[in-house]
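> The following comprises the amino acid sequence and a computationally predicted model.
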2 protein chains.
Amino acid sequence: MHRELELVESIDKLTELTRRFQKQLLTGDLKEYTLRQLYYIELIHKKTGISISELSKILDVKKSTVSIAVNQLIDADIVIKNQSKTDKRFYSLELTSKGADIINKHMQVHRNTIRKILEILNPEEVDSFIKIINKISKV
Amino acid sequence: MHRELELVESIDKLTELTRRFQKQLLTGDLKEYTLRQLYYIELIHKKTGISISELSKILDVKKSTVSIAVNQLIDADIVIKNQSKTDKRFYSLELTSKGADIINKHMQVHRNTIRKILEILNPEEVDSFIKIINKISKV
DNA sequence: TATAATAGTTAGTTAGATAAAACTATTTAA
DNA sequence: TTAAATAGTTTTATCTAACTAACTATTATA
């Protein structure tokens, strides 16, 4: 099927595109962080209050790995850890203001990309793009 | 602008989507390779005859890094290296049949994703998707 | 022809992310 | 109430991917 082949191509292009986004991310204001760190920060932002174990499940890596990574972010004043009062084994994670600032800078990098996208797509295409990505990301 | 915010979201979703594609890639038949290796293999496939230096420019890493990575692929019988006759300093790279097989398996993983995409998008959306990705990837 | 530049290699090093295993503290369940 | 389970930490070790710097071989140039 011809369309199927075009879709294989599209997936490759998407991967390439993402690679470029990530490269952009690592130049400029956020270059002192690794992609992995930025991903941790993003997850803690989106799921405020998440625990080490939950992060470990989402990322599919061992708790020890997450523990080390999160404690680095805590040392860097990006994340804080609060011990749960109902179950003292748990610690809920959230961003500090420095962490929130990183999220903003991250979004700013995306906005620069978006400016370019808005230049080359017409309004109907922008709508389709948003709609289609929403659909696909639910797969 | 409201649409701008939605586009920021879309970019995040694309990144997440790509992360999932890559995870799929690392389970199943290709799990013995790293993402980096698969990327090298893909580049050598798309640009048959490419040299170490050219790869180094595309990937934006030092020649020594590429040299080591490529020689690993040669040792694993995935890539072969031919010394140029017109300039003996150059070696042109290409895939072996084992390398070609990896490309096929890589595409097979994508096809599974595509099957799912074709289930949730209607034909017009598939067309838009392909068209829009083509436009954006030229940015 | 002697010197520069280029392609690729090799040796040694470092940073980052991971895991296994043994550990503490706390909570749950038999 | 004792044993098992859970959350998180620490230590030790491994692997990948990257770097620098010094190297060989080859080609281009002054």
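Great, that's in hand.
> ok, for A:Thr100, nearest residue in space, not its chain neighbours?
Wrong residue type there; residue A:100 is Ala, not Thr. A:His45 (7.6 Å; CB to CB, 6 or more residues apart in numbering or on different chains). C-beta: built from backbone N, CA, C; applies to glycine.
> I'd like to know how far that neighbour sits from B:Val66.
A:His45 sits 36 Å away from B:Val66, taking CB to CB, to the nearest Å as the criterion.
> out of those two, which sits in the more crowded spot?
B:Val66 (21 against 18; other CB atoms under 10 Å in any protein chain shown).
> Helix or strand: which one has that one?
helix B:63-75 (DSSP states H and E).
> average model confidence for that helix?
For helix B:63-75, mean pLDDT rounds to 98.
> helices or strands next to the very next helix or strand once past that helix in the packing?
Of the helices and strands lying after helix B:63-75 in sequence (DSSP H and E), the nearest is strand B:79-83. Counting by 3 or more CB pairs under 8 Å, 6 or more residues apart in numbering or on different chains; DSSP states H and E, the packing neighbours recorded for strand B:79-83 are helix B:35-46, helix B:63-75, strand B:91-95.
> what do you get if the cut-off is 7 Å, keeping everything else the same?
helix B:63-75, strand B:91-95 (3 or more CB pairs under 7 Å, 6 or more residues apart in numbering or on different chains; DSSP states H and E).
> isn't the residue nearest to A:Ala100 right up against A:Thr96?
No - when contacts are counted by CB atoms under 7 Å, A:His45 is not listed as touching A:Thr96 (11.2 Å).
> which one of the helices and strands packed on strand B:79-83 has the most crowded surroundings?
When the helices and strands packed on strand B:79-83 are scored by mean count of other CB atoms under 10 Å in any protein chain shown, the highest mean neighbour count falls to strand B:91-95 (a mean of 19).
> who does it pair up with?
Strand B:91-95 has the following strand partners under DSSP bridges: strand B:79-83 (antiparallel).
> Name the residues of the strand it pairs with that are buried.
Going by neighbour count (16 or more other CB atoms under 10 Å in any protein chain shown), the buried part of strand B:79-83 is B:Val79.
> go on, stretch A:13-30?
Applying 16+ other CB under 10 Å to stretch A:13-30 flags A:Lys13, A:Leu14, A:Thr15, A:Leu17, A:Thr18, A:Phe21, A:Leu25, A:Leu30 as buried.
> could you pick out which of those residues are near chain B?
A:Lys13, A:Leu14, A:Thr15, A:Leu17, A:Thr18, A:Phe21 (CB under 7 Å from any CB of the partner chain).
> how about A:Lys81, what does it touch?
Contact analysis of A:Lys81 by CB atoms under 7 Å, 6 or more residues apart in numbering or on different chains lists A:Ile74, A:Tyr91, A:Leu93.
> related to what we said a few turns ago, just the angle between the helix holding B:Val66 and strand B:79-83, please?
110 degrees (axes from the mean of the first three to the mean of the last three CA atoms, to 10 degrees).
> Run the contact check for helix B:63-75 versus DNA strand D.
Yes - Helix B:63-75 reaches DNA strand D (CB under 7 Å from any atom of the strand) through B:Ser64, B:Thr65, B:Ile68, B:Ala69.
> interface residues of chain A facing DNA strand D?
A:51-54, A:63-64, A:67-68, A:70-71, A:81, A:89-91.
> Just give me the closest of those to B:Tyr39.
A:Ile68 (26.9 Å; CB to CB).
> Please identify the nearest residue in space to A:Glu94, excluding sequence neighbours.
Nearest one to A:Glu94, counting by CB to CB, 6+ apart, is A:Thr48 at 5.0 Å.
> Pop out the phi and psi values for the one you found.
Dihedral angles of A:Thr48 (phi, psi; degrees, to the nearest 10) stand at phi -50, psi 130.
> How much space separates whatever residue of chain A ends up closest to DNA strand C from A:Val61?
As assessed by CB to the nearest atom of the strand, DNA strand C sits closest to A:Arg36 within chain A, at 2.7 Å. Separation of A:Arg36 from A:Val61 (CB to CB): 10 Å.
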